[in-house]
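Undergrad: Have a look; sequence and predicted model below, questions after that.
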Amino acid sequence: MQTFEPRLRRFHEALAPEGTRNLVLRFNNMPVVQLLNGNRFILSSSDGDISVVDHGFYRNDTRFLSYLSTKINGKNLNLLNSNYSTPFSAEFYLSNPELKSDDQVIPKEALLVAKNRLIDKYFQEDFYVFNVSRKPVNLNLSFEMDVDFLDLFEVKEKVFKDRPDMDKPDSRQPKF
């Protein structure tokens with residue numbers, strides 16, 4: 001991944017609107033989808049969910065969305081693929097696990113969910129659910145969201161506060 005990042009950075013710089021600066025923040029080593037448009041950016045996992053402490057939708061250094069999860073019949077979706085269209089848009093392709101209810105069983109990968117994410121003036125997501133099985137299904141598509149309106153530096157403080165790999169001052173060290 002290290003050798004790929006400089007090429008990816010050059011690609012993002014080539015696609016960026018003239019006069020804009022790209023700022024990429026990475027607080028942990030988990031796979032992150034990073035979208036940026038001006039003073040707005042979003043950090044999410046590769047399946048599009050916002051569930052890690054530093055993930056979220058930020059504007060003017062304030063986090064407006066701190067948690068976002070998409071579920072079908074109360075179950076998380078499985079990632080098939082995700083990719084960037086531009087530095088400010090991405091697509092996520094997901095499928096369902098096996099879903100059992102009282103009146104039906106939806107087999108694994110019977111549904112395809114396509115999420116298109118765009119950061120323009122607003123944060124926008126379009127959802128498309130395709131039934132690729134030959135049977136009609138009933139389902140609940142649900143979205144769980146949370147907000148905290150934390151400043152970017154408050155989020156960074158939470159991330160770095162409990163990191164075991166960060167050096168912490170040792171009270172046993174001699175003081176001069």
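TA: Arrived safely.
Undergrad: Every contact and neighbour count from this point should use C-alpha atoms.
TA: Fine.
Undergrad: surely Asn37 meets Ile119?
TA: Yes: under the criterion of CA atoms under 8 Å, Asn37 makes contact with Ile119 at 6.3 Å.
Undergrad: Give the next helix or strand downstream of the helix or strand bottoming out on mean pLDDT in the chain.
TA: The helix or strand of the chain with the poorest confidence is helix 4-15; it has a mean of 50 (mean pLDDT, DSSP states H and E). Using DSSP states H and E, the next helix or strand after helix 4-15 towards the C-terminus is strand 33-37.
Undergrad: Could you pull out the residues contacting both of Asn37 and Ile119?
TA: Common contacts of Asn37 and Ile119 (CA atoms under 8 Å, 6 or more residues apart in numbering): Phe88.
Undergrad: what are the ranges of the strands in the protein?
TA: For the chain, the strands defined by DSSP state E occupy 33-37, 40-44, 56-59, 62-65, 67-72, 75-76, 78-86, 89-95, 99-100, 105-106, 111-119, 123-131, 141-146.
Undergrad: okay, the angle between the last one and strand 123-131?
TA: The one in question is strand 141-146. With axes from the mean of the first three to the mean of the last three CA atoms, to 10 degrees defining the directions, strand 141-146 sits at 150 degrees from strand 123-131.
Undergrad: mind listing what strand 141-146 pairs with, with the direction of each?
TA: Under the criterion DSSP bridges, strand 141-146 sits next to strand 67-72 (antiparallel) in its sheet.
Undergrad: From Leu112, how far off is Asn60?
TA: According to CA to CA, to the nearest Å, Asn60 and Leu112 sit 35 Å apart.
Undergrad: Between those two, tell me which one has more neighbours.
TA: Higher neighbour count among Asn60 and Leu112: Leu112, with 19 against 12, using other CA atoms under 10 Å.
Undergrad: The more buried one touches Ser133, doesn't it?
TA: No: Leu112 lies out of contact with Ser133 (CA under 8 Å); the separation is 9.9 Å.
Undergrad: Give me the residue at the spatial middle of this structure.
TA: The centre of the chain sits closest to Ser44, judged by CA atoms, centre = their mean, with a distance of 1.5 Å.
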